[in-house]
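Colleague: with the sequence up front, the predicted model follows.
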2 protein chains.
Amino acid sequence: MRETIEPEGAPGDARGEAARDEAAVSRFVERFAADLAEAGMQRMAARVFAALLVSDSGALTSAEIAERLRISPAAVSGAIRYLSQVDMVVREREPGSRRDRYRLYNEVWYETLTRRDQMVARWESTMRDGAKVLGPGTPAGLRITETADFFEFVQRELPKMLERWRAQQAERRAAESRAAEAG
Amino acid sequence: MRETIEPEGAPGDARGEAARDEAAVSRFVERFAADLAEAGMQRMAARVFAALLVSDSGALTSAEIAERLRISPAAVSGAIRYLSQVDMVVREREPGSRRDRYRLYNEVWYETLTRRDQMVARWESTMRDGAKVLGPGTPAGLRITETADFFEFVQRELPKMLERWRAQQAERRAAESRAAEAG
DNA sequence: CGCTAGTTTCACAAATTTGTGAAGTTAAGG
DNA sequence: CCTTAACTTCACAAATTTGTGAAACTAGCG
């Protein structure tokens, strides 16, 4: 049984999206995925994430992802497993259908930076242990203690920074809605 | 001709360091290197960096690194090339000897975060281009514009944060030197 | 309760990455 | 300038990672 709910498009089209240059979109997806991969993210996870990012709905089914990126369902599954683990994507069991949809986590960047924060916390802990091993009075011990202090500092700062971002966004939205009322 | 300048130690010893439990130090080096590798850093670069971090002088020769990590000179060379590129280590041509020494960059974490900042700048640029491709009025275009805005925000915040760290350190050092005078 | 669309798991082949030995290069010291 | 210590580069083997097809599993639907 063929899909008949969505309007037909040329093969390879991203159906359901606003009219757009799909080739250019694909180039953008690959470019951003490459950026993320360079920063240490798994390649497929990066591509799937980028594909979600450019979807109008912010959510796609496994089949849609596989089609758009030309990858196997197995690869999608692996990428989604990773993205779920790091809370960048949520799985939605779509009622009335057998398909799952994968949705971008609401505040992806907030989540991602929070995750970074946890990593910095681990580093700090590693450093504190290291300082004990090296002896707090030795040059190496002092250097490592300072590093631990820096990591501690970052952990205090990051949440504050995210809070400022939220405040700024709230302010901007309020301003926009005032402008809309006036217009 | 054997090395006779430094005092002899048992094989595998880290000569020139304060007395310490070298096995424990090595475990710490490997643990921190693993932390860094998990965050996306090349394995050998991470190990070399960690080895420098635990040295009292903050600087080691290629041979010392090779000995302590049990790796080939070639591996050291590759790791150093990377660490130099990202400004975490500086090469010192030691006058009166043929050996280079590799020294931890003065403000490693400052440098490293600045580097991150540059990466975020690239991401923002990618996003701005993407927004054009997707159309600024579409849902995907709006999402991507917001992402770009977030990256822009981070770029503004990071330098300020580093500045606060410097101020805090300066303050702390001043307090310590006052305490030393009093004692 | 079976059928089957949709997803995950698994074993494997391909591609990539990593670290090495050895040859090549550079420059200090005679 | 020649010798040689120190480092780098190169080609390759080993190890790891990545993505696939196919089988196994799960749960709607009849």
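Modeller: Yep, that arrived. Residues are numbered from 1 along each chain as shown, chains lettered A, B, ... in the order given.
Colleague: below-threshold pLDDT in chain A: ranges please.
Modeller: A:1-15, A:18, A:183 (pLDDT under 70).
Colleague: in it, which spans are helices?
Modeller: Here chain A has its helices, by DSSP state H, at A:22-38, A:43-53, A:62-69, A:73-85, A:108-134, A:139-182.
Colleague: which of those sits most buried?
Modeller: Of all the helices of chain A, helix A:43-53 has the most neighbours on average by mean count of other C-beta atoms under 10 Å in any protein chain shown, namely a mean of 23. Just so you know, the C-beta spots here come from the backbone N, C-alpha and C atoms, and that holds for glycine as well.
Colleague: elements contacting it?
Modeller: helix A:22-38, strand A:59-61, helix A:62-69, helix A:73-85, strand A:89-93, strand A:100-104, helix B:139-182 (3 or more C-beta pairs under 8 Å, 6 or more residues apart in numbering or on different chains; DSSP states H and E).
Colleague: dump these into CSV; add distance to residue A:148 as well.
Modeller: As requested, the helices and strands packed on helix A:43-53 are exported to CSV (distance: least, C-beta to C-beta, whole Å):
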stretch, distance to residue A:148
helix A:22-38, 28
strand A:59-61, 41
helix A:62-69, 41
helix A:73-85, 27
strand A:89-93, 33
strand A:100-104, 35
helix B:139-182, 13
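Colleague: close to DNA strand C: what parts of chain A are there?
Modeller: With C-beta under 7 Å from any atom of the strand as the criterion, chain A meets DNA strand C at residues A:1, A:61-63, A:73-74, A:76-78, A:80-81, A:91, A:97-100.
Colleague: identify the residue nearest the residue in chain A that chain B sits nearest to in space, chain neighbours excluded?
Modeller: Residue nearest to chain B within chain A: residue A:40 (2.4 Å; C-beta to the nearest C-beta). Spatial nearest neighbour of residue A:40, chain neighbours left out: residue B:40 (2.4 Å); criterion: C-beta to C-beta, 6 or more residues apart in numbering or on different chains.
Colleague: and residue A:131, what does it touch?
Modeller: A:141, A:144-145, A:148 (C-beta atoms under 8 Å, 6 or more residues apart in numbering or on different chains).
Colleague: let's go with 10 Å and repeat that
Modeller: A:138, A:140-148, B:28 (C-beta atoms under 10 Å, 6 or more residues apart in numbering or on different chains).
Colleague: nearest to residue B:170, of those?
Modeller: In terms of C-beta to C-beta, no member of the contacts of residue A:131 lies closer to residue B:170 than residue A:146, at 12.9 Å.
Colleague: residues contacting the closest one?
Modeller: Residue A:146 touches A:127, A:131, B:109, B:169, B:172, counting by C-beta under 10 Å, 6+ apart.
Colleague: once you drop chain neighbours, what's closest to the first one?
Modeller: With C-beta to C-beta, 6+ apart as the measure, residue A:148 is the residue that lies nearest to residue A:127, at 3.6 Å, once sequence neighbours are left out.
Colleague: could you do residue A:136 as well?
Modeller: residue A:145 (6.6 Å).
Colleague: state the distance from residue A:120 to residue A:154.
Modeller: 5 Å (C-beta to C-beta, to the nearest Å).
Colleague: next one: residue A:177 from residue A:163, what distance?
Modeller: 21 Å.
Colleague: do residue A:22 as well
Modeller: 38 Å.
Colleague: can I get the contacts of residue A:131 in TSV including distance to residue B:44?
Modeller: Listed next are the contacts of residue A:131 as TSV, based on distance: C-beta to C-beta, whole Å:
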residue	distance to residue B:44
A:138	26
A:140	21
A:141	25
A:142	26
A:143	21
A:144	21
A:145	26
A:146	25
A:147	20
A:148	24
B:28	17
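Colleague: list the contacts for residue A:57?
Modeller: A:16-17, A:64, A:101, A:103-104, B:139-140.
Colleague: thinking the residue nearest to residue A:127 is in contact with residue A:129, fair?
Modeller: Yes - taking contacts as C-beta atoms under 10 Å, residue A:148 lies within contact range of residue A:129: 9.4 Å.
Colleague: check contacts around the residue lying closest to residue A:72 once chain neighbours are set aside.
Modeller: Of all residues not flanking residue A:72 in the chain, residue A:66 sits nearest, at 6.6 Å (C-beta to C-beta, 6+ apart). With contact taken as C-beta under 10 Å, 6+ apart, residue A:66 is in contact with A:48, A:51, A:60, A:72-77.
Colleague: against residue B:137, how distant is residue A:26?
Modeller: 21 Å.
Colleague: ok, residue A:94 next?
Modeller: Distance from residue A:94 to residue B:137, by C-beta to C-beta: 28 Å.
Colleague: compare the two (neighbour count), which wins?
Modeller: residue A:94 (12 against 8; other C-beta atoms under 10 Å in any protein chain shown).
Colleague: who's the closest residue to the more buried one other than its chain neighbours bridged to?
Modeller: The spatial neighbour of residue A:94 that comes closest, neighbours along the chain excluded (C-beta to C-beta, 6+ apart), is residue A:101 at 5.4 Å. With beta bridges defined as DSSP bridges, residue A:101 has these partners: residue A:61, residue A:92.
Colleague: residue A:101 is in contact with residue A:92, isn't it?
Modeller: Yes - Residue A:101 is within contact range of residue A:92, at 4.6 Å (criterion: C-beta under 10 Å).
Colleague: ok, now how distant is the closest residue to residue A:102 other than its chain neighbours from DNA strand C?
Modeller: Nearest residue to residue A:102 in three dimensions, chain neighbours excluded: residue A:89, at 5.1 Å (C-beta to C-beta, 6+ apart). According to C-beta to the nearest atom of the strand, to the nearest Å, residue A:89 and DNA strand C sit 11 Å apart.
Colleague: residue A:89: what's it in contact with?
Modeller: A:45, A:48-49, A:52, A:59-60, A:79-83, A:102-105, A:108.
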